[in-house]
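# Okay, sequence plus prediction incoming.
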Amino acid sequence: MNRDSTWRALRALGTRVYSIHKSRITNHAIATATLALLLTALPAAAGEAEWKMLHDQAAAHLQRSSLPQAELFAREALKEAESSLGPDHRATEQSLSTLALALRLQGKQEEALPFAQRLVAVRTRHYGADDPATGIALHNNAEILIAQGRLEEAAKLEGRALAIFQKKLGTNHFNTAAALHNLGAISLKQENYREAEKYLRRALAAKEKSLKPGHLSLAHTLDNLSAALAAQGRQLEADKFRRQAEAIRRKAGSVQNQKS
């Protein structure tokens, strides 16, 4: 099948799959947050229309949690971007990001990692080593490595991301909080409980300033902080944070039930 035939078949598949799934849309928090970056300032110059249609299909499937279809269109978008526009084009960058995300959300960490690593290289060339976009790519690489149990490698990348976020975005930005949370989670897995507590307290403080009260992300950090304190024998403190996390989840569940 030639490229034109492949593209037409993929576009038809996207229309068909959308008709099946349009009655129920499930949002992944990570997909929603990342797509906000992916869908901004999409290039529209001549020669990019075919790539854009493929990439838009991939992004739409991510929003609907149709992950295998998102992966399929993202792979084709990446091929189109690389062959038509070049390995360092903005379209290639966006395709790498979308494909890595689609693979991560399916638990395909081994497949996602090479694309995530390429994204770091492309963004470093485009924006510089200390740009927040590069920091996000480093952070996403670290999360893949955490899922693979490669904790020391993950900590190095997350440390680089944290330095970028603190310098460029400030100590109370959510990206800074996310990097701190991951470093705390890594330390917790490594049984370095005092170090974990330090990172997680900083992450909690940053999340409390950057998120609305009751956000579920707060509960994740509270859970880890509770675990770090319990491991140090500080059970009363641990219980306090655990109860706070449970209260956030109960409230979130109640709100969700009211909406459904």
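Yep, it's here. Since this is a predicted model, take the numbers as computed values, not measurements.
# Give me the buried positions along the strand or helix carrying His61.
Per DSSP states H and E: His61 is located in helix 49-63. Buried residues in helix 49-63, defined by neighbour count with 16 or more other Cβ atoms under 10 Å: 50-63. Yep, even glycine has a C-beta here, placed from its N, CA and C like the rest.
# how far is it from where the chain is centred?
Relative to its parent chain, helix 49-63 has a centroid offset of 18 Å by Cα atoms, centre = their mean, to the nearest Å.
# Could you do stretch 124-143 as well?
Worked out by Cα atoms, centre = their mean, stretch 124-143 lies 12 Å from the chain centre.
# In CSV, list the C-alpha atoms belonging to that stretch.
Extracted in CSV, the C-alpha atoms of stretch 124-143 (Å, rounded to 0.1, in the frame of the first residue of the first chain):
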residue,chain,number,x,y,z
THR,A,124,17.3,20.7,23.3
ARG,A,125,18.3,21.7,19.7
HIS,A,126,15.2,23.8,19.2
TYR,A,127,14.8,25.6,22.5
GLY,A,128,18.0,25.0,24.5
ALA,A,129,19.0,22.8,27.4
ASP,A,130,17.3,24.9,30.1
ASP,A,131,14.0,25.6,28.4
PRO,A,132,10.8,24.4,30.2
ALA,A,133,9.8,22.4,27.1
THR,A,134,13.1,20.5,27.4
GLY,A,135,12.4,20.1,31.1
ILE,A,136,9.0,18.5,30.3
ALA,A,137,10.6,16.0,27.9
LEU,A,138,13.2,15.1,30.6
HIS,A,139,10.4,14.7,33.2
ASN,A,140,8.5,12.4,30.9
ASN,A,141,11.6,10.3,30.3
ALA,A,142,12.1,10.0,34.0
GLU,A,143,8.6,8.7,34.4
